[in-house]
Each structure stands twice: as structure tokens, then as C-alpha cells.
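Engineer: show me how the following folds:
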Amino acid sequence: MTVEAVGLILSSDVLIIVMENLGIEDLINLSCTCKFVNLLVHEFGFSLYLNRNDRPSFTLHLARTHWSSLDQVRYNVTSDHWWTRANFNARPLSDPWRSKLQPILALSTSVLLVAAGHTIYVYPVTDSSSLTNDGAPGMSYEGSYSFANNRWEITSITFIPYDHSERTVAIGFEDGHIERVFLPPFPKQQDTNQPPSLIMERTSSLRLHSMDLVESLSCSDSMLLSLSSSGTAGLCNLSSESPLVSAINFDWRSWSSFLSMKSSTPFAAFGTTSPNPLVVHAVTPSALSPAPFAILHPTRERSTAVYGITDAPPSAPWGSSKQVIVSGWYDGTVRVHDMRSCRRNSAVSGGPAPLRPMLTLRDSWSDEPIYSVSCGGGSSSFVAAGTARHSVVAFWDVRRPTEGWSVHAPGNDSSPVYSLILESSRLFGVTQSRPFVFDFGPGVTKETYPYISPPTRSQRDSLQPNDDGIGYRVAEYNHSRT
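Structural biologist: Numbering: from 1, shown residues only. Below is the predicted model of the structure:
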């Protein structure tokens, strides 16, 4: 079929090829030319735009299977715009816990888990068949899990991604054990005012036991990487009958790990307190290399620590590469290292030449340590960092790294932000008091997230709802001093 106009005859195939390189404004203008082109844009143009402008998101995954391409584009474009204006709804996800905890988050396409103390709190993702009619998908509080006769706190948790039920997790405990746990569905209860709490047994321990607490767990494909606080790292293949692959020991206080099996050279990155606080080891099908193939150094030569490690934003200027690592440091700096780079310091005796960071991100008003990092956000180009005090989260767009800004979590307590998960339109975080979300997407209502009861006079809770009753007031500031 062809489209005929004065001086123009184009086939449908040619028009579709033209659409492959059009921006959203051009696609909308093109759709206004005639009914036939409008149908082509809706059937092919918006889908092509979505393929070129990927916005990874766990919590939107199910809704996107129902939404039209136009609804998805409308949501993504609006969210990207709100990111540029720092326009979002801040919501706590629970009342404050009774004691100060050091929690950790884990997120799948169907559920958010908050492991705090001895308990795992469960927030399933709600569905949305239409953005216009149902609004954005949200979360509800379903219940909690805890372990019988367990006096050891949960110190790390991660989903096992090859398990399609999205109910199997690896959990690290304070006593050094790591267990594979299936989280069973909650029984239906008539009293919806009292969410269920299930007690489970610790029975399925993996062969990754260490003598001290499990500081970090990272899973990629069927491989699980663990790191203890004293520096014992273990790698195991969860799909094997004999899961333990290999183990190494750093003999330094250790904090964070990151496993990437999708990189061209599979690797494991480790953050420690040492003269070489961020090192990268190769991963083979049979072993975790005992010697690092890359040392990622700060620009200033001094011993420091790395508390958080993740991969880079998908739409960064340097391209979507699994060879780029983002890390949060004790000195309050987020550093981005590209292992493809040739920018190196002098070689260290018996090791590789330390690699210099290609980008450093810093809040000029704060030198607090960075406890957690995550990447994604608007246009898939943001870095988020949780700091050590006052529940502050810092944001940078890597396309404009000097224009960062920071925001306090709802409640503005004095806590670190211990864990972050950033996706296209939402940031999930957790402090010592409770989990929270910053939602940059449209379609948020009072019912999108769990209801929080107003604090009584006896409760010390500084939550202040906005006038619209949807979000809560939070303090923000720009990093620029000018």
C-alpha cells in the first residue's frame, strides 16, 4: 500500500523505515497528516520509539503487557519530563519500625521485599490494565515472613533470577549462613486489617558458610556471589547439584559485591576498606579468579572504602556497556569506571595498573559517605546515591553531571539510606525506620501505595502530607553553590 500526496508517493515500508529515527514530537506530527499514516504510527511508530528508548522497570513490567504502545510512550515521556524538573511524589511505605534496623531491599517484577532485622516485609506490585482508567500500577502491603528460633538478623537478600516463580530468594544471615528460601503464598484471611505473618524454618543452607555475617549477595543468571564482612568471597552455581564453585579471601573489612555474568568478560567486583578498595576479578565457568584483572582507584591516592557497587545507566553517553561500574565511596564521591578505558596510573608491583575514573559525581554541600548506589531514572541516564546521614538521596543526570540535586526521605530522620533500587520512574529506598518511594510517573493516586495512618501526639514522626493528600513533603536542594 502507498500514501499519495501532491508530489509524494511512499510505500508503507518506506514510511516505517522513516519512523525508526523519529523523535516523539515528529511521530505525533506525522500521525496528524492523514488517517492512514495515523494508523501506521500507532501500529508501528510508537513501538519503534519504545524499542529505541528503553526504560527498564520491574514494577511496570506487568502493566506494560496490557498497555497500548501509546500509553507506554505517554507514561515514559511524562516521567522523563518530570525527572528533568525533579517533580515527584514521595511516599513512605510503612509506619516507622519500633527499633533502628539496617534493612536491605530486593525487587522483582511482581514483589518488593524489605528485609529488616529478623523479618521480611512483602509488597506485591498491583496491576493496571489501562493507564487512563486504572492509573499507574502501585504496591500493597501483603504480610511478613520470619524464621522460627532464629536469633540472627538478615543481613543480605537477593532474588534468584532463573526461578520463574519470583518467590525464591537467597538470604544471608548474621551467623554467616546463606540459605535458599521459597516464600510461600500467604493464606487468604477474612480480617484484612491484620496482614498475615508466616513463620518459616531455616532448612536449605547453601555451601557458602563463613565465620561472620554475610555482608553482600549478588546474583546473575544462575550464579550467586557472596561476601562476608571479613572478606571471604564465594561463588556458587545454583543450578548445579554441587553449587560451590570457588572461594577467595581478601583479609580486609569488606562491604559490597557486584556480579555481572552478562559482560563480555564475566566479572565480580568487590568493595573493601583497603589500599585497593575496589577490585574486579574474572569469573570463569569453573572458578573465581584469585587475582584481580582490574584495580579501580580513586584519583587521590589514599586508603578508603567502597560501600556500594552497581552497573551504569543504560542510556549514558558512553553507551550501554556492562564494562562500566558505578561505585559509592567513603569520601562522599560516586565514581564511574570504564574498564575499556586506557586512563591508568602507574602500575602496582605484582598487579595491574590502577584505572582512573572516567567520571566523578559529588554533592558540593556534603562529604557524607555513600552507602548505596543505583542507576536508571529519567531517560535511563540517572545515578542515585544514598548517603550516611539525614536520609539523603543524591541524584545526578550523567549527561549533565554538574547539575545534581538531593532530597531527604519522607520523615527526614537521621538515618543512612541503606539500600536503593532505581528504575525508570521510581526510586525505592530504605532507612533505619522504614521503606519509601519517590514516584516520578503519572497516574499516582492516594491508593497507589499503602495507606499510612496519621501519627499520634505520642509518636515521633515528622511526616507531613501534601495538600493533595497523595505525596508527602520532603526537603530538596541543588548541589550547585552558584
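Engineer: contacting residues around the residue most central in space within the chain?
Structural biologist: With distances taken as C-alpha atoms, centre = their mean, Ile421 lies nearest the centre of the chain, 2.5 Å away. Ile421 makes contacts with Phe58, Leu105, Leu107, Ser374, Leu427, Phe428, Gly429, as judged by C-beta atoms under 8 Å, 6 or more residues apart in numbering. Just so you know, the C-beta spots here come from the backbone N, C-alpha and C atoms, and that holds for glycine as well.
Engineer: state the phi and psi torsions of the fifth one.
Structural biologist: Dihedral pair for Leu427: phi -120, psi 120, per degrees, to the nearest 10.
Engineer: what number of residues lie near it?
Structural biologist: If you count neighbours by other C-beta atoms under 10 Å, Leu427 ends up with 26.
Engineer: so for the nearest residue to it once chain neighbours are set aside, what's the pLDDT?
Structural biologist: Excluding its sequence neighbours, the residue lying closest to Leu427 (C-beta to C-beta, 6 or more residues apart in numbering) is Phe438, at 4.4 Å. If you check Phe438, the pLDDT there is 98.
Engineer: how much space is there between Phe438 and Phe147?
Structural biologist: According to C-beta to C-beta, to the nearest Å, Phe438 and Phe147 sit 31 Å apart.
Engineer: between the two, which one's more packed in?
Structural biologist: A count of neighbours by other C-beta under 10 Å puts Phe438 above the other of Phe438 and Phe147, at 24 against 21.
Engineer: hmm, Pro92 and the more buried one touching each other?
Structural biologist: No - Phe438 is beyond contact range of Pro92, at 11.0 Å (criterion: C-beta atoms under 8 Å).
Engineer: who's in contact with the helix or strand encompassing the residue nearest to Leu427?
Structural biologist: Using DSSP states H and E, Phe438 falls within strand 435-439. For strand 435-439, the external contacting residues (C-beta under 8 Å, 6+ apart) are 88-94, 103, 105, 112, 114, 121, 123, 136, 139, 393, 407, 409-411, 425-430, 448-449, 471.
Engineer: elements contacting the longest helix seen in the chain?
Structural biologist: Longest helix of the chain, by residue count under DSSP state H: helix 69-84. In terms of contacts (3 or more C-beta pairs under 8 Å, 6 or more residues apart in numbering; DSSP states H and E), helix 69-84 is packed against helix 46-52, helix 131-134.
Engineer: and those helices, which is most packed in?
Structural biologist: Of all those, helix 46-52 carries the top mean neighbour count, a mean of 16, counting by mean count of other C-beta atoms under 10 Å.
Engineer: how far out from the middle of the chain is stretch 274-292?
Structural biologist: Relative to its chain's centre, stretch 274-292 lies at 23 Å (C-alpha atoms, centre = their mean, to the nearest Å).
Engineer: partners of Thr284 in the sheet?
Structural biologist: Beta-bridge pairing for Thr284 (DSSP bridges): Ala287.
Engineer: out of the contacts of Ile421, name the ones that lie in helices.
Structural biologist: Counting by DSSP H, the contacts of Ile421 place none of their members in helices.
Engineer: in stretch 77-91, which residues are buried?
Structural biologist: If you call a residue buried by 16 or more other C-beta atoms under 10 Å, then stretch 77-91 has these buried ones: Val77, Thr78, Ser79, Asp80, Trp82, Trp83, Phe88, Asn89, Ala90, Arg91.
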